[in-house]
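[1] No sequence on hand, only this structure:
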Ligand SMILES: [Zn+2]
């Protein structure tokens, strides 16, 4: 079965002013990807979707967590590998924990 893939413009038309996440009335635009993952100056052509303020703000802690994980991975790959190795060794030496 073929499923239609919508463009962002088509999604915005279908949403007709409703939040993409909860379908209640939208009052903000949520950037895709989140602006917290980008450096200033931001591109002029960032994609956005309609969202209500509650849904838009609800993702902020997750976006901040993702950003911190990405920073950890990119700035500290050796430290991260060491942590993973220590976790692996602990698990191998005590597999029931
Ligand atoms: Zn919403």
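    Received, thanks. Nothing here was measured: the structure is a model prediction, and the numbers come from that model.
[2] which element is the residue nearest in space to the middle of the chain on?
    Nearest to the geometric centre of the chain sits residue 63, at 5.3 Å (CA atoms, centre = their mean). Using DSSP states H and E, residue 63 falls within helix 60-75.
[3] need the next SSE after that helix, C-terminal direction.
    helix 77-93.
[4] From the contact counts, what lies against that following helix?
    Other elements packing on helix 77-93 under the criterion 3 or more CB pairs under 8 Å, 6 or more residues apart in numbering; DSSP states H and E are helix 60-75. Just so you know, the C-beta spots here come from the backbone N, C-alpha and C atoms, and that holds for glycine as well.
[5] Tell me which residues touch residue 21, please.
    Contact analysis of residue 21 by CB atoms under 8 Å, 6 or more residues apart in numbering lists 51-52, 55.
[6] In three-state terms, label it for me.
    coil (DSSP: H, G, I helix; E, B strand; the rest coil).
[7] Can you give me the first-to-last residue distance of stretch 20-28?
    Its start and end residues considered, stretch 20-28 measures 11 Å (CA to CA, to the nearest Å).
[8] now that stretch: mean pLDDT?
    For stretch 20-28, the mean pLDDT works out to 93.
[9] again with stretch 36-49
    On average, stretch 36-49 scores 87.
[10] Going by neighbour count, list what's buried in it.
    Of all the residues in stretch 36-49, those buried under the rule 16 or more other CB atoms under 10 Å are residue 49.
[11] Endpoint to endpoint, it covers what distance?
    16 Å.
[12] Run through the bridge partners of the residue lying closest to residue 46 once chain neighbours are set aside.
    For residue 46, ignoring the flanking residues on the chain, the nearest one in space by CB to CB, 6 or more residues apart in numbering is residue 31 at 5.1 Å. On the basis of DSSP bridges, residue 31 is bridged to residue 48.
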